[in-house]
Each structure stands twice: as structure tokens, then as C-alpha cells.
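Asks: structure of the sequence below:
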Amino acid sequence: MIDFRLLRRIVTFAGAVFIIAGLTVPAEARKKTRVTVGVTETVGAYNPHSDSVALMYAVWCQVYGCLGSWDFTKAKDVGVLAESWAIPDPNTWIFKLRKGIKRHDGKAELTAADVIHSIKRIGTDKRSSQRQNVKKIKSATALDKYTVKIVTKKPTAPLLGYVFDRVMITSKDLYEKHGARTADRKYHYGYGPYMLKRLRTGESVVIEKNPHWPGVKSEWPDEVIFRIMREPEQRVTALLNGEIQIAQFVPPHLLSKVRKSKNARIEEMGSVELMMLLMNPAFKPWDNELLRKAVAYAIDRESIIKNVLKGEAIKLTGPIGPLQFGYSKNVKPTYEYNPAKARELVKKAGYPNGIDVELYTPVGRYVNDKQVTQAMIPMLKAVGIRAKLKTPEWSTLWSNVRKGKVPFFYMGRGGMVDPSAALSQYFETGIAPRIKFSSKKVDGLLQKERETFDLAKRKKYMNQAINALMEEVPAHFLWHQKIHYGVANGVNIAIRPDKRIHGYEMTVE
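Replies: Okay, the predicted model is just below:
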């Protein structure tokens, strides 16, 4: 097992790690505490299953509650709404729910029926963008009021990676009484440690502490506001002016500005988010494997890390890094920078005079994303790939990526502690349409990896799947960026490598 404690430098916070234990502690009479966080993502709808991004999962898991979560300090999965789980056979998982977890309106208690309803809803809701999280599940039934039995279609060793931190538990009763739309908008009562106070789609989300949550801490902020602020300069200025207390993703060129401040500091963390260049084989010319390989050899990753990211990233040789399950140094080919080979491959691909393409990038979604792709343009041009940079609004780009409508783009995939779900989502036939890549060899190896509970054997199959993926190169795997948050004095936060921000992992002095 990978020791993820090496990944995480613990930012000072007393008792902020989320473990459901103990009794409710009544808060002393004190001033209401509020933490405002400037973030780059958005929560675009009241439907908790309508999107699949880190901020959305973080917000809705705090409000509705999830069965469990990955604890980076302990390097293991811990229960949240689930108190324990067991695997009696490779296809069967038994989850015991915590008793006495009240819905926010106080009118109902969490039961197995709510969990079963939520799993079914994610899989059948036409607006759901999270079907991949429950796709491996054949059935979910109640053994009793507090026990859920999940049967998978095939053995699925990494099932917790699909359902923990991802399957939000909504109320069956409210859903059936009011319907999905009304329940989500007007009766968004969940079972989590925070409650939804206000949502302004595309602008901000406000959550407030649930005082009746078992194990609630007085040190947690009473209110957390997530303000969508795309531009890093805007986030840093707001931090230094006291408008916000946490600025997410401070880019390298602004680090010194925060460090010089007397009112704020920089907190740093390694990341498990994979940054990559994706090439959709459903579109020409990206159905040409030789051209995809040419792109991989054309990009000087070390130069971009040094000059654009100022050394604040770690180059990858494949889709996963040394702090993730399944990592191996024996990845081939690694596509080290080789422009001469790239030029040769462009010609072999059938383009002796080069080719014109469009490269899509977000702006303000990732650290220096536009600058990174701007640096790639001359590298690609030097080998005969004339790329025109396209910078649509994030909402438009993300919507089209999810529908498989973008041929060539720069993007990240976060939350990859166990990379199985992410590899399946992007590179297994029929799981998600984002790049429409299909390979029987990759499919077979990913399936073997999932069905194997022996960790050593599972790692072997994952390595084989990654090597097969590298041969066909539907994506060029670039780097893990380091995470830098600007944090106001008096506020402490446990920064997570998966970028999720939780009120219960903050304290206010």
C-alpha cells in the first residue's frame, strides 16, 4: 500500500480531520465564523449528480453526505455515513450505516432505502453526469434498515474508489414526495456535516455547519462560501484585501506577492491531478496513431515546467505518479522530447507538408493553463503540426468535452488516489464519451485489474494496461502540478491532493 502520508504536509489544524466519533459538542457563545474561498470551478445546478468536478463532489458530499472518504492522513478509506463494510465474496459488498444520522430538517433518519434510491437515481437520471460511478453495480438491496447489500456485475476491487467521495445520498422520501427538481431546489436537506444555505449558479455556493452532526467541532467555520473567481490575480487581490480567506491555486508568478504579505501565507501540497493533452480518435486526424505519437514527442515538458510553471510541477512518464497505487518505473514508451522523431512521424502519418489543427484549452481553470498551451504551439509547429489555440468559456468547453465533441484539448483529471476509475472513465470503451478511445487490449487489461483483489496481481495488470495505453497514446501524459493556496492568518486548512475543500478540514482561530 502506498503511504500517502508522504504526500501530505499537514497544515496546522487541531481536530479538523473528519472522523465521525464522539458526541455533539455544544458551541460556546461566540461570534459566527465565516471562511470565503476563491475557487476556479463552479457548481452549475442544484442537481447533485449533474456534473463531475472536484468542487461539486466536495460541496454535495458535505451537504448530502457520502458513504465514506479517503483520509490522506491515515492513507486509507474511512466511513462517513457508513460505519463499516465487508466483502463476503468478490461480487458482494455489505455496508453498515451509522444509526441516528438525522436529515437536516430533523424529520427523518438516514436508512438503507436512501442509499439504494441514490444509487438508482445516479444511474437513471437523464441529467446525471456520474453514471460511471455506479455502472459496475448490478443491484443494491436492503438487508435491514441500516444495512445495504451491493452486488457488482463483475468483481470490482476498487469499488470504494467509485462510491466513496462520489455517491451523494439524497432522501428517497423527499424525492418521491416532491419530484427531483423541486426536491433539489427547495428541499435540499441532506445528512452531511454542512447544510446548503444558498446557491447562485455560476457565482457562489454557501454552506453552513450542521450543529446536530455527530462529532461536530466548534472550531469548524460556521459558514463556508465558495466564490467562483476564474482569474488568479482576482483571487490573490481579494485575499490580500481581506475579501476572501483562502485563494485556491495561486500560480507561480504570484507566490512571492502572497509570501510578502503580513496577513496571509502560502500553503503547499502535492497533487494527484493528472494534466494531459487528449486526442479524440473519433475525429480526423486523431484517428492516426502516428500523429498522436508525433504530438507526444513534440512537447518539451521539462521546458514548460521550468519556464511556465516555474518548477512547480512533477513530470510524469505515464498516467500515474509515484504516490499512487499501481505506479511503476517500467513504463514504455515514455515519449521523451524528440522533435526530429516527431517530424518523421508527421510525414509517416501522411502529412509531408504538415497539418493544421485546433488546440482547445481552458483559461483560469488550471494553473497557467493558457500560458502552458501557448508554449506548446511553437513546439508543435516546429514538427509540422500547425495548431491554432482555441479558448472557449469553461462551461462551453467542459460541456463539449463531456459529450465527446472536442478533438484536441488540454485538461486535467483529478482525484486519482486509486487511478482505476479515472483510467476507465477516459480510456475504456463505452464508459464515458470524452475522447471515444477504444482498444480491446486496454479494455481487457483494465477489466482484469478491476476484478483482481490481490494487490500485487492487480498492480501487474494495471501496469500492463498502462503500457498498452502508452503504445496507442490517445493522450500525452504531462505532469502533476503542485498545489498552492493562499491562506489568511487565523485560518487553517488541511489541503488535499485531490483538490477538495471541506469545512470540516478547516479551523478558525
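Asks: going by C-alpha atoms from here, please, whenever you check contacts or count neighbours.
Replies: Noted.
Asks: could you count how many residues lie near Arg198?
Replies: If you count neighbours by other Cα atoms under 10 Å, Arg198 ends up with 12.
Asks: tell me the mean pLDDT for the helix or strand that contains it?
Replies: Taking DSSP states H and E as the definition, Arg198 sits inside strand 194-200. Mean pLDDT, taken over the full extent of strand 194-200, equals 97.
Asks: do stretch 243-252 as well
Replies: Averaged across stretch 243-252, the pLDDT comes to 97.
Asks: gap between it and the chain center?
Replies: In terms of Cα atoms, centre = their mean, to the nearest Å, the centre of stretch 243-252 is set 19 Å apart from its chain centre.
Asks: now do it: distance from first to last residue.
Replies: End-to-end span of stretch 243-252 (Cα to Cα, to the nearest Å): 21 Å.
Asks: which stretches of the stretch 201-350 of the chain form helices?
Replies: Taking DSSP state H, counting those that start in this stretch as the criterion, the stretch 201-350 of the chain carries its helices at 232-240, 255-259, 289-298, 301-307, 339-348.
Asks: contacts for the shortest one?
Replies: By Cα atoms under 8 Å, 6 or more residues apart in numbering, the surrounding residues in contact with helix 255-259 are Val236, Leu240, Ala264, Arg265, Ile266, Gly486.
Asks: which strand residues bridge Ile266?
Replies: Here Ile266 sits in beta bridges with Gly486, going by DSSP bridges.
Asks: over to Lys315?
Replies: According to DSSP bridges, the partner residues bridging Lys315 are Trp479.
Asks: how close does it get to Leu380?
Replies: Distance, Lys315 to Leu380, using Cα to Cα: 19 Å.
Asks: got it, and Lys370?
Replies: 15 Å.
Asks: likewise for Arg198?
Replies: Spatial separation of Arg198 from Leu380 under the definition Cα to Cα is 45 Å.
Asks: give me the neighbour count for Pro88.
Replies: For Pro88, the neighbour count with other Cα under 10 Å is 9.
Asks: so it, which of the three states?
Replies: Under DSSP: H, G, I helix; E, B strand; the rest coil, Pro88 falls in the strand class.
Asks: the closest residue to it other than its chain neighbours: what's it in contact with?
Replies: In space, and not counting its chain neighbours, Pro88 is closest to Ile94: 7.7 Å by Cα to Cα, 6 or more residues apart in numbering. With contact set as Cα under 8 Å, 6+ apart, Ile94 has these partners: Trp85, Ala86, Ile87, Pro88, Thr147, Val148, Lys149, Ile150.
Asks: repeat the analysis, applying 6 Å as the threshold.
Replies: Contacts here follow Cα atoms under 6 Å, 6 or more residues apart in numbering; on that basis Ile94 touches Trp85, Ala86, Val148, Lys149.
Asks: looking at this, it is in a helix?
Replies: No - the assignment for Ile94 (three-state DSSP) gives strand, which keeps it out of a helix.
Asks: on the strand side of things, show who it bridges to.
Replies: The residues that Ile94 bridges to, once DSSP bridges is applied, are Ala86, Lys149.
Asks: widest-spaced pair of the contacts of Ile94?
Replies: For the contacts of Ile94, with distances taken as Cα to Cα, the pair at the greatest spread is Ala86 and Val148 (10.7 Å).
Asks: send me the helix of greatest length in the chain as PDB with only the CA atoms.
Replies: Secondary structure of the chain per DSSP state H: the longest helix is helix 455-472. The C-alpha trace of helix 455-472 is given here as PDB (Å, rounded to 0.1, in the frame of the first residue of the first chain):
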ATOM      1  CA  LEU A 455      -2.900  -6.100  -4.700                       C
ATOM      2  CA  ALA A 456       0.300  -7.400  -6.300                       C
ATOM      3  CA  LYS A 457      -1.600  -9.100  -9.200                       C
ATOM      4  CA  ARG A 458      -3.800  -6.100  -9.600                       C
ATOM      5  CA  LYS A 459      -0.800  -3.800  -9.900                       C
ATOM      6  CA  LYS A 460       0.600  -6.100 -12.500                       C
ATOM      7  CA  TYR A 461      -2.500  -5.800 -14.700                       C
ATOM      8  CA  MET A 462      -2.700  -2.100 -14.200                       C
ATOM      9  CA  ASN A 463       0.900  -1.700 -15.400                       C
ATOM     10  CA  GLN A 464       0.200  -3.800 -18.400                       C
ATOM     11  CA  ALA A 465      -2.900  -1.700 -19.200                       C
ATOM     12  CA  ILE A 466      -0.800   1.500 -18.900                       C
ATOM     13  CA  ASN A 467       1.900   0.200 -21.200                       C
ATOM     14  CA  ALA A 468      -0.800  -0.800 -23.800                       C
ATOM     15  CA  LEU A 469      -2.200   2.700 -23.400                       C
ATOM     16  CA  MET A 470       1.200   4.300 -23.900                       C
ATOM     17  CA  GLU A 471       1.600   2.400 -27.200                       C
ATOM     18  CA  GLU A 472      -1.600   3.700 -28.600                       C
END
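Asks: and that helix, what does it pack onto?
Replies: For helix 455-472, the packing partners by 3 or more Cα pairs under 6 Å, 6 or more residues apart in numbering; DSSP states H and E come out as helix 440-451.
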